[in-house]
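Kindly generate the corresponding structure for this input.
(one chain, ligands or ions: 1)
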Amino acid sequence: MKKLYIETLGCQMNKSDSERIAGILSHFDYVETQDEKEADLLIINTCSIRQLSSDKAYSQLGVWGKRKKIKPDIKIGICGCVAQQDKEKIKIRAPYVDLIFGTHNIYELPDLIKKIENGEKVCAIRDKAVVCDQNEYKILRKDSVNAWIPIIEGCNNFCTYCIVPFTRGRERSRKPEEILKEAQNIINNGYKEITLLGQNVDSYGKDLKDENTSLADLLRKLNKLDGDFRIRFVTSYPSDITDDLIDAVDECKKVCKYFHIPMQSGNSRILKEMNRRYTKEEYYNIVGKIRKRFPLVTITSDFIAGFPGETEEEFQDTLNSIEELELDYSNTAAYSPRIYTKAAKMTDKFIPEDIKYERLERLNEKNKQACLKSNQKFVGKILRVLIENKTEKDGKIILNSRADNNKIVHFEDNSKSVGDFADVKITKAQTWCLYGEPVE
Ligand code: SF4
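Numbers count the residues shown, from 1 in each chain. Model prediction:
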């Protein structure tokens, strides 16, 4: 047996890829370890959404490179978005790396691993993914309650700030029968939540011309699988949310009433500059439609502060939108120029760093207020939760759970265990979580 250590940076898609990488390598006698010092093979699965994440990858490689000088037999690999975009740079900056593989090459690992074990240095970067049935290999899932299923990878949208279409390629949907098979395995193995993943999950099926399918169809099919489990999907592109999808979420009892819909800016001019295919008003319409249909829904979003050319007034529109739309939570980031993207070339419009980070601070403050306000709405309400783990505090067992609407809920109940569903009456709201008591 050989020891494998994987460091994963970035999004849920990367985390899901790492589970698949560990699964494939387990067929070749690699066992995962949490202690990188005892690993025979070290892999960093990278993210390049922001400069900071790319820098982290190189700094980790530097640490491992020093270790390899002392233990020359260890192998070092890098994969993910930085590997996909930076292969030549990696060869120069980290010549001790044994394996560079891109986002489209994960299922070639069986061949690649044999090569590096034979002492070869390997760089495998494809422009297009090889189509294969992902159910052929094991998946070593980290969580015991929630399982991710990537259903579509890549993106066709080319938002002007985003590197994803360059690192993950164009949209590719997995066949519905392959997804259903993976979902059935997950349920049979006792998982209670399935999260369908995609950079643009609502585009699911558009590229599967023979299948005539969509995310709404897939939800309906998954909802029919037997078992006590629930389904989520992320991330949604605002103008791709169809009425049929909203109907499907409504009809399917196992589908959580929760939408993650990045708005990115509350100003229509900036949205156009970002090449987002909706205006502020259109985004408001979508949110209004969803809120009307599902009274306890939560809607979360993403926002960028300091996009090139953004004026103070335009930034104010973003702050106002969070308030007016009563968004339940937002991920926030300062604009970070990414190589190959259109916005990175708008250098004459770049916002000075101090202004950008000052805007980010105000954005975070607004988000904090919105989050507390959203949580307070649920005091007195009964939410159905899934218990994800438990902790002990002052001699008491606290169950940490997540409601169908994605709110974090803590409560005490000695009769319940991790993986159980429960109805909880919310008694207290804090900024980032709720507290409650079990409903008898
Ligand atoms: S839709 Fe999302 S993943 Fe696609 S280009 Fe835009 S920001 Fe990137």
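
elements contacting the helix or strand bottoming out on mean pLDDT in the chain?
In the chain, no helix or strand scores lower on mean pLDDT, DSSP states H and E than helix 164-167, which sits at a mean of 90. Contacts defined by 3 or more C-beta pairs under 8 Å, 6 or more residues apart in numbering; DSSP states H and E place helix 164-167 against helix 81-93. C-beta here means a position set from N, CA and C on the backbone, and glycine is covered the same way.

which residues sit against whichever helix or strand comes after the helix it packs on?
Where DSSP states H and E defines the elements, the next helix or strand beyond helix 81-93 is strand 99-101. Outside strand 99-101, the residues that touch it by C-beta atoms under 8 Å, 6 or more residues apart in numbering are 43, 75-79, 83, 87, 90-91, 108-109, 112-113, 116, 121-125.

Could you give me the buried positions within the first helix or strand past strand 99-101 going along the chain?
With elements assigned by DSSP H and E, the helix or strand that comes after strand 99-101 is helix 109-117. Using 16 or more other C-beta atoms under 10 Å as the test for burial, helix 109-117 gives Leu109, Leu112, Ile113, Ile116.

Any chance of those residues in a markdown table with pLDDT as columns?
A markdown table is the format used below for the buried residues of helix 109-117 (pLDDT from 0 to 100):
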| residue | pLDDT |
| --- | --- |
| Leu109 | 93 |
| Leu112 | 95 |
| Ile113 | 95 |
| Ile116 | 96 |
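
Nearest to the ligand, out of those residues: which one, please.
Leu109 (24.6 Å; C-beta to the nearest ligand atom).

show me the residues around that closest one that make contact.
Leu109 touches Ile21, Ile24, Leu25, Phe101, counting by C-beta under 8 Å, 6+ apart.

Against Ile290, how distant is the second one?
What it means is Ile24. 38 Å (C-beta to C-beta, to the nearest Å).

for Thr8, same thing?
On the measure of C-beta to C-beta, Thr8 and Ile290 end up 31 Å apart.

ok, whichever strand in the chain runs longest: who's next to it in the sheet?
The longest strand of the chain (DSSP state E) is strand 382-393. When pairing is defined by DSSP bridges, strand 382-393 lines up against strand 396-403 (antiparallel), strand 421-429 (antiparallel).

and among those, the most buried is which?
Most buried of these by mean neighbour count (mean count of other C-beta atoms under 10 Å) is strand 396-403; its value is a mean of 19.

on that earlier part again, closest to the ligand out of the strands paired with strand 382-393?
strand 396-403 (24.0 Å).

Relative to the whole chain's centre, how far out is the helix or strand following the closest one?
For strand 396-403, the following helix or strand on the C-terminal side (DSSP H and E) is strand 408-411. Computed by C-alpha atoms, centre = their mean, to the nearest Å, the chain-centroid distance of strand 408-411 equals 22 Å.

Now do the strands in the stretch 251-400 of the chain.
258-260, 298-305, 329-334, 382-393, 396-403 (DSSP state E, counting those that start in this stretch).

List the contacts of the shortest one.
By that I understand strand 258-260. Here strand 258-260 has contacts from 232, 234-236, 241, 290, 297-301, 404-406, using C-beta under 8 Å, 6+ apart.

again, only using 10 Å
With contact meaning C-beta atoms under 10 Å, 6 or more residues apart in numbering, strand 258-260 is reached by 201, 230, 232-236, 238, 241, 245-246, 249, 286-287, 290-291, 294, 296-302, 328-331, 402-407.

Drop anything exposed from those residues.
201, 230, 232-236, 238, 241, 245-246, 249, 286-287, 290, 294, 296-301, 328-330, 402-407.

Now do Thr332: how many residues are near it, please.
Counted with other C-beta atoms under 10 Å, residues neighbouring Thr332 total 19.

quick one: Gly77 is in a strand?
Yes. Note on Gly77: a strand contains this position according to DSSP: H, G, I helix; E, B strand; the rest coil.

Give me the distance between it and the ligand.
25 Å (C-beta to the nearest ligand atom, to the nearest Å).

Could you report the pLDDT at that residue?
Looking at Gly77, its pLDDT stands at 97.

Specify the beta-bridge partners of it.
Going by DSSP bridges, Gly77 forms beta bridges with Ile43, Leu99.

my read: it touches Ile116, true?
Yes. When contacts are counted by C-beta atoms under 10 Å, Gly77 is listed as touching Ile116 (7.5 Å).

Now list whatever residues contact both of the two.
By C-beta under 10 Å, 6+ apart, the residues touching both Gly77 and Ile116 are Leu41, Val97, Asp98, Leu99, Val122.

The single nearest residue of the stretch 301-440 of the chain relative to the ligand - nearest residue in space that isn't next to it in sequence?
Ranking the residues of the stretch 301-440 of the chain by distance to the ligand (C-beta to the nearest ligand atom) places Asp302 first, at 8.2 Å. Once flanking residues are discounted, Asp302 sits nearest to Pro262: 3.6 Å by C-beta to C-beta, 6 or more residues apart in numbering.

What is the burial count for that neighbour?
20.

Quick check, pLDDT for it.
Note on Pro262: pLDDT of 98.

Check Asn212 too.
88.

which residues touch it?
Counted by C-beta under 10 Å, 6+ apart, Asn212 has contacts Gly205.

With Glu211 instead?
Here Glu211 is in contact with Ser173, Lys175, Pro176, Glu177, Gly205, Asp217 (criterion: C-beta under 10 Å, 6+ apart).

Asn414 contacts Leu399, correct?
Yes. Using C-beta under 10 Å, Asn414 is in contact with Leu399, at 9.4 Å.

who touches both of the two?
Common neighbours of Asn414 and Leu399, counting by C-beta under 10 Å, 6+ apart, are Pro438.

so what strands line up beside the stretch of helix or strand Ile152 belongs to?
In this structure, Ile152 sits in strand 146-153 according to DSSP H and E. Next to strand 146-153 in the sheet, as set by DSSP bridges, lie strand 172-173 (antiparallel), strand 193-198 (parallel).
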